[in-house]
Structures are given as C-alpha cells and as structure tokens.
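Trainee: I'd like to go over a predicted model; first the sequence, then the structure.
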Amino acid sequence: MKKTDLTKVKINSKVGFFRFKEIGNKYLLTNDFGFFAILTKKEFKDFLEGNLDKAGELYQKLVKEGFIKDAVGLDGLIQRYADKNCTLLMGPNLHIIVVSLRCNTKCVYCQASSLPADCIDYDMDRKTAKKVVDLIFESPSPVITIEFQGGEPLINWPVVRYIVNYAKKKSKDSSFRGRKLNMSIVTNFSLMNEERLNFLVKNMVSLCTSLDGPEHLHNANRPLPNLNGYKITVDWIQKVKELEKKRLKAGKTVYNLSALLTVARKSLDYPEEIIDEYRKRGFEGIFLRPLSYLGKSGGEARDKIGYSVEDFLKFWKKSMDYIISINLKGEFFMERGCRIMLQKILTAKDPGFTDLRSPCGAAVGQVLYNYDGKIFTCDEGRMIGDDTFVIGDVNESQYDEIVWNDKTKTMVNSSMLENLSCDLCVYKPYCGVCPVKNYALYGNLFPQMKNTEWCKQNRFQLDYLFDKMKDLKIKKVFESWT
C-alpha cells in the first residue's frame, strides 16, 4: 500500500480516535488512553476499513485498547484514562524550598544563578520558613514532598533542620491523617558531616547529590575552590551507601541515595566513562540530562559550554546503546529519563513527571519557595532571573490565590498539548512541554514546537525507544525498568 493510498481509504465508523506515523515499513498508532499498536501496512488498511478478522487476536487487542469502538472493556479504558491523569486533580505535591541562594561551588552551568558563599542576606529566615511550611500543608495532595535546594542548602543548616522538625510536627495533625510526607535534599556534600547525615537519615530525608562522571569531568564542570570536589562527593557517596546497607540489614527503612548528571560540552566525549563511574559508585541508573540554558548556562555561557541538540543526541544514543548492552549481559542499570517515558508507554500509571505532563506541573504539580518568600511557578520559573513567573509571596498570599493566579492559569493553558501543534503528534500521550523554557529560549509561550530543541530531543528519544522495542529481548529490559 502506497502512502498516498490512505486518502482513498473509507474509514469504518467503529475506528476510535488515534494518531499515527510511519516507522520503517509499518505504522505506529497511539491513543489518549496511552496505548500503542504497531501494524503492518496491510493490517493498517484493514483496520481503517473495518476488514480485520473479528475473531482474531489483533482485532480483540485493538478493541480492548480503545482503537476500535466497542462497549467491551469501556469501564477499564475510562479507569485507565483517569489513572493517567489523576495528578491533575491533586494539587501541588512537590514543594521546592530554596533555603539559601549561596553556594560554595562554581559550577560552569549553574542554572540557579547561585551567589558566592560569603554573600549576605540570601538565606531564608525561620519566620519565612514557618510561613512556607504552613502554606505547603494547605495543599490537598495526598502526598506532600518537600525538597531542599539552593544554592547549597547545607549552607543554611539551622533552617533546614527547623523545617524538617516543623514539617514532621505538622504531619502529625489530625487534618493530615491518611496523607504522606516525604522530604529530600539536593546537596553537593561539601558541607556534610556525621551529625547532619544522622539527623537527615533519622528523619527520613532522602539524599540527592551531583556526580558529573570521572574526576577530571566532575571537577571541570563543578569546581570547588581549593578542594577536590570529586573526592569529597564520592567519599560521602560511599559513606551513605554503607549506611544504607547497615539500615537495610537491620530491617530499617532506606531511601536510596540518588545522583544527578548534567551534560556539559566536555561530557560529550565520555559517555561510557560517565556511565561506568555511576556503576562503580553503586548506582543502578543514571539520568542523562542536557543543559537547560537557564540561569548561568544560558546567554554567553552557552557558547563556551553548550552544544547542538544533534550533538547531545549522538551522546545520548551512544550512552543508551551502552546501557542496553550492559543489561543484555545480565546487569540491571537504567536510564531514568527513559524509565519515565517507558512507564507512560508500558504501564497504566503515569509517573507524574512535571516536564512530561499535559498541562505541565508548574504551579499545579510543583511550587518553588524562594529564600525571600517569593513563590514561583516551578524550579525553572526562578531561573529566569526576574519575577515573570512569581505567583505569590508567603508573607501575604493564601493558597487559593496561588492556585487561581492568572499566571498559574497561563502556565496551564500554555502547556496543554491540545493547545499546541503537539496535539497532532503520535507521541502526544507520552510527552509534555515547559512554558518557562519556551519563554526563555524563544521569547514565546506558544512557539512552533516542532522547531524547538525540546521537541527534536523527545521525538528522537521516543523514536529510539519504539524502534528498540521491536527486539523482544530489549523490550524485556525496558519492562524491567518500569
């Protein structure tokens, strides 16, 4: 069947709504329930014309997954759709607190535009911290996650400790019964000590650090003046990993340490070495994150540390090929960005990752509270460097005023894929957009998405995943990640 033959096909009335694209000599179909099907050209034509064998396995599969309209399984499809979109009704669950804008490292790509450690008046005080926590607990979300960021949050340790204690106290109120409180901290470990670590572990605050690969890369991207930042980081990683093992052996709850990679220009030549560093440190996965070009990674710095989306995707593909080869040899190791996409593709539940939601998580999934009490739509919103994405202030704003803020509504409107050309894309059920990045990089909340680096990256990655899943061995590897 030639491609132009589709214009002559008379579509059967029982064909459900779907999107499609050619992949090789077959067709990929997706629908809003999150299901996908890969059909040969003949199967696709027969599907459109209603000529599939109704007793056949393919027909029954397409009915069950909503590609063919039939009352059979309708309740299950409705429930799946509800499960996929349940996060939209919960209210913000991720609450990022910037306890200090100061930092003692000089990362070449700093997205937060952190200030030197000796600056003053850039720390959150207890009065503001209390108001932040009180406002957070007004969210109706069944799960509240408080994440400490900076700068370097340990620079303002007294307020971190105060928030942990106060939030735990609030979580014991009868009004919070049946809900869950999670806490985490993102730290470079340089200001960690045994007392602080024990406090965080005892109070179930999960730890996340940054690791950019082998020593030469980490120290080049994340210089710590007069100190070996890499050695400090990996030494604390080892200590935390040992503590995890002791707690696990004693039957105690363990929140496994996680680490984040940021891919700068120097990283592009070392995909296998970076992955091997993570394996060496006992991690079971890695998140291959490109530069955001927000904060200090944008502007003139982009010419020094940046790269084209094509160069990043070459690095990403080499990394993924290597990761898959590791898994095929029997070792479990995942790419966390792909895991999020695969959860959306292969499971009934949506992971709720804010960048791959429609609408995105800004203001309705996550909120950021700056050191001075200003409330931003999201982490990216504060990286613009001005008040464009400010939706309130803890000193004067009520929860309802944040939720119904005109900027909140604008973020929702500008990140709904139905309002963009993305609505026509076969990958719409698995994708999302970031209005803040669109505004920062293109000066527009509604750019031509197909021409953006974000779209090029996501389309390439999803093409790769669907192509690889044709190999059943690799598909089993991907299923193990979900």
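Mentor: Cool, got the structure. Numbers count the residues shown, from 1 in each chain.
Trainee: buried ones in stretch 142-152?
Mentor: By neighbour count on 16 or more other Cβ atoms under 10 Å, the buried set for stretch 142-152 is Ile144, Thr145, Ile146, Glu147, Phe148, Gln149, Gly150, Gly151, Glu152. Every residue, glycine included, has its C-beta placed from N, CA and C.
Trainee: give me the three-state assignment for the closest residue to the fifth one other than its chain neighbours.
Mentor: What it means is Phe148. Counting by Cβ to Cβ, 6 or more residues apart in numbering, the nearest residue to Phe148 once its immediate chain neighbours are dropped is Ile185, at 4.2 Å. Judged by DSSP: H, G, I helix; E, B strand; the rest coil, the three-state class of Ile185 is strand.
Trainee: Ile185: what's it in contact with?
Mentor: Counting by Cβ atoms under 8 Å, 6 or more residues apart in numbering, Ile185 makes contact with Glu147, Phe148, Pro153, Leu154, Val160, Leu200, Val205, Ser206, Leu207, Cys208.
Trainee: where's the closest residue to Ser171 other than its chain neighbours relative to Arg196, distance?
Mentor: Excluding the flanking residues, the one nearest Ser171 by Cβ to Cβ, 6+ apart is Leu181, at 4.2 Å. Applying Cβ to Cβ, to the nearest Å, the value for Leu181 to Arg196 is 20 Å.
Trainee: for Ile11, list the residues it contacts.
Mentor: If you count contacts by Cβ under 8 Å, 6+ apart, Ile11 has them with Leu48, Glu49.
Trainee: tell me which element it is part of?
Mentor: Counting by DSSP states H and E, no helix or strand carries Ile11.
Trainee: hmm, back to that, any idea of the pLDDT on the residue nearest to Phe148?
Mentor: pLDDT for Ile185: 98.
Trainee: same check on the one 4 residues further on?
Mentor: Among the per-residue scores, Phe189 shows a pLDDT of 97.
Trainee: what about it, distance to Phe478?
Mentor: Counting by Cβ to Cβ, the gap from Phe189 to Phe478 is 32 Å.
Trainee: what do you get for Gly373?
Mentor: As judged by Cβ to Cβ, Gly373 and Phe478 stand 44 Å apart.
Trainee: which residue is the nearest non-sequential neighbour of Cys119?
Mentor: What sits nearest to Cys119 in space, not counting adjacent residues and going by Cβ to Cβ, 6+ apart, is Arg102, at 5.5 Å.
Trainee: who touches that neighbour in this structure?
Mentor: Neighbour list for Arg102: 114-119, 122-123, 150-152, 155-156 [criterion: Cβ under 8 Å, 6+ apart].
Trainee: which of those residues fall within strands?
Mentor: Leu115, Pro116 (DSSP state E).
Trainee: are any of the contacts of Arg102 buried, and if so which?
Mentor: Buried among the contacts of Arg102 (16+ other Cβ under 10 Å): Ser114, Leu115, Ala117, Tyr122, Asp123, Gly150, Gly151, Glu152, Ile155, Asn156.
Trainee: OK, contacts around the first one?
Mentor: Under the criterion of Cβ under 8 Å, 6+ apart, the neighbours of Ser114 are Leu101, Arg102, Cys103, Cys107, Gly150, Gly151, Glu152.
Trainee: next: the third one.
Mentor: Listed by Cβ under 8 Å, 6+ apart, the contact set of Ala117 reads Arg102, Cys103, Asn104, Glu152, Ile155.
Trainee: over to the fourth one?
Mentor: Under the criterion of Cβ under 8 Å, 6+ apart, the contact list for Tyr122 reads Ser100, Leu101, Arg102, Leu115, Gly151, Tyr371.
Trainee: hmm, which two among these are most spread apart?
Mentor: Leu115 and Tyr371 (10.2 Å; Cβ to Cβ).
Trainee: residues that sit against both of these two, list them.
Mentor: With Cβ under 8 Å, 6+ apart, Leu115 and Tyr371 have common neighbours Leu101, Tyr122, Gly151.
Trainee: which one of those residues is nearest Ser319?
Mentor: Gly151 (29.3 Å).
Trainee: thought that closest one was touching Cys110?
Mentor: No: shown here, Gly151 and Cys110 do not form a contact pair, counting by Cβ atoms under 8 Å, at 9.4 Å.
Trainee: where do the contact lists of the two overlap?
Mentor: With Cβ under 8 Å, 6+ apart as the test, Gly151 and Cys110 both reach Cys103.
Trainee: in stretch 234-245, what counts as buried?
Mentor: Val234, Trp236, Ile237, Val240, Leu243, Glu244.
Trainee: kindly report the same for stretch 362-370.
Mentor: Ala362, Ala363, Val364, Gly365, Gln366, Val367, Leu368, Tyr369, Asn370.
Trainee: next: stretch 47-63.
Mentor: Phe47, Leu48, Leu52, Leu58, Tyr59, Gln60, Leu62, Val63.
Trainee: for the second one, give me its contacts.
Mentor: What that stands for is Leu48. Residues in contact with Leu48 (Cβ under 8 Å, 6+ apart) are Leu6, Val9, Ile11, Asn12, Val15.
Trainee: if we use 10 Å, what do you get?
Mentor: Leu6, Val9, Lys10, Ile11, Asn12, Val15, Phe18, Phe20, Tyr27, Leu39 (Cβ atoms under 10 Å, 6 or more residues apart in numbering).
Trainee: sounds good, over and out.
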